[in-house]
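Undergrad: pasting the sequence and the predicted coordinates here, then a few questions.
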Amino acid sequence: MFIERDVNSPKKLGTIEVVTGSMFSGKTEELIRRLKRAKFARQKVEIYKPAMETRFSEDEVVSHDENAIRSSPVDNSSNILLLSGNVDVIGIDEAQFFDKGLIEVVVKLANMGIRVIIAGLDMDFKGLPFGPMPGLMAVADHVTKVHAICVRCGSIAQFSHRLSEQEQVVLLGEKEAYEPLCRSCFTKAIKSPSKSSQKGG
Ligand SMILES: Nc1ncnc2c1ncn2[C@@H]1O[C@H](COP(=O)(O)OP(=O)(O)O)[C@@H](O)[C@H]1O
Ligand SMILES: Cc1cn([C@H]2C[C@H](O)[C@@H](COP(=O)(O)O)O2)c(=O)[nH]c1=O
Ligand SMILES: [Zn+2]
C-alpha cells in the first residue's frame, strides 16, 4: 500500500505518482483512496479526466465498484496546467487517453510543488504501450502496478483483452467489451480465431 510523505513537512515538495495496470485492476479505486486521504488532510485537491471518457458520469471519476469522486472533464493536457492554480494535489484518471503533452505538464506541476497522482492503462488491447503512459512512468517518482484477476484461470491479470474484432485503439467499454487476462490466457486468446470469452480455456 502506498504511504504518503508527511503533509505537514515545511518543504512543499512536488511529486509524480503513477498507478497503472489492466482494466479492473483497481487503478481508479487506488486513485480515489489517495485523493480522499489528501482531502482528509485538508489539502486542496483537483481531479481531471479526459472529456471523451463519459462511461459512468461527466463530472465524476467512478470505479467499477461505483466508488466516486467529483472531477472536471478536460479536452487536452494544457487545460490541466491552466486550471490548476493554488492546489496541493492533482488527480488525473484515464491518463492513457491524453496527448503526450501531459508528460511535460505533470513535470511542470510537480516542479511547482504539487503532488500529482495519475491513473491509467499501461497497455492497450494488443498489449502495446498506451499513449503517454510509458513517458509518465519514466518521469514519475513512484509507480504502482496493480493487477486484476484473470477471468479464465484465476491468476494475476495484466492484460485487457478486447472481446470484439474492432481494431481502433480507443474503444470505450466495460465487461461486455473487455476481460482481464493473465499472460498465458491472453496469448492463447489473441491467437484463437474466436474473440469471444472462453472460460476455463
Ligand atoms: N476480474 C476482476 N479482477 C479484479 N477485480 C475485478 C474483476 N472484475 C471486476 N472487478 C472489480 O473491479 C474493481 C476495480 O475497479 P476499478 O478501480 O474501477 O478498476 P480500474 O480503474 O483498474 O479499471 C475491483 O475492486 C473489483 O470489485
Ligand atoms: C484496453 C483498452 C481499453 N480502452 C478503454 C476501455 C475503457 O473505456 C477504458 C479503460 O477503463 P478502466 O478504468 O481502466 O477500466 O479504456 C480503450 O479505449 N482501448 C483499449 O485498448
Ligand atoms: Zn489466465
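TA: Yep, that arrived. Residues are numbered from 1 along each chain as shown. Ligands and ions are numbered 1, 2, ... in the order given.

Undergrad: contacts, neighbours, all on C-alpha from now
TA: Noted.

Undergrad: leaving out the residues flanking it, which one is nearest to residue 87?
TA: Leaving aside its chain neighbours, residue 87 sits nearest to residue 44 (5.1 Å; criterion: Cα to Cα, 6 or more residues apart in numbering).

Undergrad: contacts only, for the one you found.
TA: 38, 86, 87, 88, 89 (Cα atoms under 8 Å, 6 or more residues apart in numbering).

Undergrad: what separates it from ligand 3, distance-wise?
TA: 41 Å (Cα to the ion, to the nearest Å).

Undergrad: repeat that for residue 59.
TA: Going from residue 59 to ligand 3 by Cα to the ion gives 35 Å.

Undergrad: burial measure for that residue, as a count.
TA: For residue 59, the neighbour count with other Cα atoms under 10 Å is 17.

Undergrad: for it, phi and psi?
TA: Phi and psi for residue 59, reported as degrees, to the nearest 10, are phi -120, psi 20.

Undergrad: tell me the contacts of it?
TA: 70, 71, 72, 73.

Undergrad: shouldn't the second one be in contact with residue 60?
TA: Yes: taking Cα atoms under 8 Å as the definition, residue 71 is a contact partner of residue 60 at 4.7 Å.

Undergrad: let me know the next secondary structure element after the helix ranked longest in the chain.
TA: If you go by DSSP state H, the chain has its longest helix at helix 27-40. Next helix or strand after helix 27-40 toward the C-terminus (DSSP states H and E): strand 45-50.

Undergrad: give me the contacts around that following strand.
TA: Here strand 45-50 has contacts from 35, 38-39, 61, 70-76, 80, 84, 87-95, 97-98, using Cα under 8 Å, 6+ apart.

Undergrad: is the helix or strand following it up against ligand 2 anywhere?
TA: Per DSSP H and E, strand 45-50 leads on to strand 60-62 as the next helix or strand towards the C-terminus. No: interface with ligand 2: strand 60-62 contributes nothing (Cα under 6 Å from any ligand atom), its closest point being 8.3 Å away.
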